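Peer 1: Give me a model of this one.
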Amino acid sequence: MLASDGAAVPIAGGTDLLVHWPVRVEAPERTYVDLSRPDSLSPLRLTAGELLLGGLTTYWDVIRNALARAEFPQLVAAARRVGAFQIQAGAPWAGNFVKASPAAAGGRGLMP
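Peer 2: I've put the predicted structure just below:
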């Protein structure tokens, strides 16, 4: 779909899109490709020396992971500070870091 429509926008989570939809006249006219289904993009793996958060790993994925809670309690605490449950369940960590927007869901919860 992305290859056939050069103007298509890949999204993961889409929380900012939903918030801004009413004020961005062009937004409803665009084609959006939901990336939330491919399991290969949302792994959360713990190894001996690292925690791997896939591109679509949500805050809720981290919160509900027992190993993350045991090994990375500060990360879990940060995830709990991000927005409401709906944001935690749908917003991926990577999308908010890549966008670097002050309006990003992750920006509010991770800043002191």
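Peer 1: Any stretches of the chain with poor pLDDT?
Peer 2: Residues of the chain meeting the criterion pLDDT under 70: 12-22, 24-28, 36-42, 95-112.
Peer 1: Pull the contacting residues for residue 63.
Peer 2: 69, 76, 79-80, 88 (Cβ atoms under 8 Å, 6 or more residues apart in numbering). For the C-beta atoms, the positions are set from N, CA and C on the backbone; glycine is no exception.
Peer 1: filter those to the buried ones?
Peer 2: Buried residues within the contacts of residue 63, counting neighbours by 16 or more other Cβ atoms under 10 Å: 76, 79, 88.
Peer 1: tell me which element the first one is part of?
Peer 2: Looking back up the chat, that one is residue 76. helix 73-80 (DSSP states H and E).
Peer 1: now, among the buried ones among the contacts of residue 63, which is nearest to residue 60?
Peer 2: residue 88 (4.6 Å; Cβ to Cβ).
Peer 1: hang on, the earlier thing: distance to residue 53 added to the buried ones among the contacts of residue 63, as a markdown table?
Peer 2: Below are these laid out as a markdown table (distance: Cβ to Cβ, whole Å):
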| residue | distance to residue 53 |
| --- | --- |
| 76 | 12 |
| 79 | 10 |
| 88 | 14 |
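Peer 1: closest to residue 5 among the contacts of residue 63?
Peer 2: Among the contacts of residue 63, and counting by Cβ to Cβ, the member closest to residue 5 is residue 88, at 30.9 Å.
Peer 1: The closest one and residue 61 touch, don't they?
Peer 2: No: the pair residue 88 / residue 61 is not scored as a contact, 9.2 Å apart, by Cβ atoms under 8 Å.
Peer 1: Need the phi and psi values for residue 53.
Peer 2: Phi and psi for residue 53, reported as degrees, to the nearest 10, are phi -110, psi 120.
Peer 1: Could I get the contacting residues of it?
Peer 2: With the criterion set at Cβ under 8 Å, 6+ apart, residue 53 makes contact with 43-44, 61-62, 93-94.
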